[in-house]
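Trainee: got a sequence here, can you build the structure:
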Amino acid sequence: MKIMRAGERPSKLANPEWFTGRVWQEPVVEAEAPARLHALRVTFDPEARTAWHTHPLGQTLHVLSGVGLVGLRGEPPKVIRPGDTVWIPPGVEHWHGAAPDSQMCHLAMQEADDTGRVAEWLDQVSDAEYRRTTR
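Mentor: Residues are numbered from 1 along each chain as shown. Take a look at the predicted model:
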């Protein structure tokens, strides 16, 4: 058993190659093999968002605070709020981030594949894609 105390896990600014805007990441679980689970607490400033990406084994998002958006390629983004949980199946191109006028914090959970990979990063989400009308 290992207890990770609050404040012992460093928060860091997210890699700007994979994010637009100011985004903080704090590791929650970095399980060692044979476990596969990786979880991060991710906090997005208003309008901040991920790039398009996929996950080899899918991803679960659980919104902790604020208002966010999650988008699938070719579709308008959907609004997500505290308490909402989103499942994105393996290989589905998507993005997620904060709404234009709100911060958003979510727990992002994904499993590593047999090579240790948890995500494949693609192109940035354009402002036009971000601002598509939400239905």
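
Trainee: switch to C-alpha atoms for all contacts and neighbour counts from now on
Mentor: Fine.

Trainee: in the sheet, who's paired with the residue nearest in space to the middle of the chain?
Mentor: With distances taken as C-alpha atoms, centre = their mean, the residue of the chain nearest its centroid is Ala108 (5.2 Å). Beta-bridge partners recorded for Ala108 (DSSP bridges): Leu40, Leu61.

Trainee: ok, Trp18 touching Gln124?
Mentor: Yes. Counting by C-alpha atoms under 8 Å, Trp18 does reach Gln124; the two are 7.1 Å apart.

Trainee: export stretch 78-89 as CSV, just CAs?
Mentor: This file holds the C-alpha atoms of stretch 78-89, laid out as CSV (Å, rounded to 0.1, in the frame of the first residue of the first chain):
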residue,chain,number,x,y,z
LYS,A,78,-21.2,19.3,-25.6
VAL,A,79,-21.4,21.2,-22.2
ILE,A,80,-20.3,19.3,-19.1
ARG,A,81,-20.8,20.3,-15.5
PRO,A,82,-19.8,19.2,-12.0
GLY,A,83,-20.8,15.7,-11.3
ASP,A,84,-21.0,14.8,-15.1
THR,A,85,-19.0,11.7,-16.2
VAL,A,86,-18.0,11.2,-19.8
TRP,A,87,-16.8,8.0,-21.4
ILE,A,88,-14.8,8.3,-24.6
PRO,A,89,-14.3,4.9,-26.4
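
Trainee: what comes up buried for it?
Mentor: Val79, Ile80, Arg81, Ile88 (16 or more other C-alpha atoms under 10 Å).
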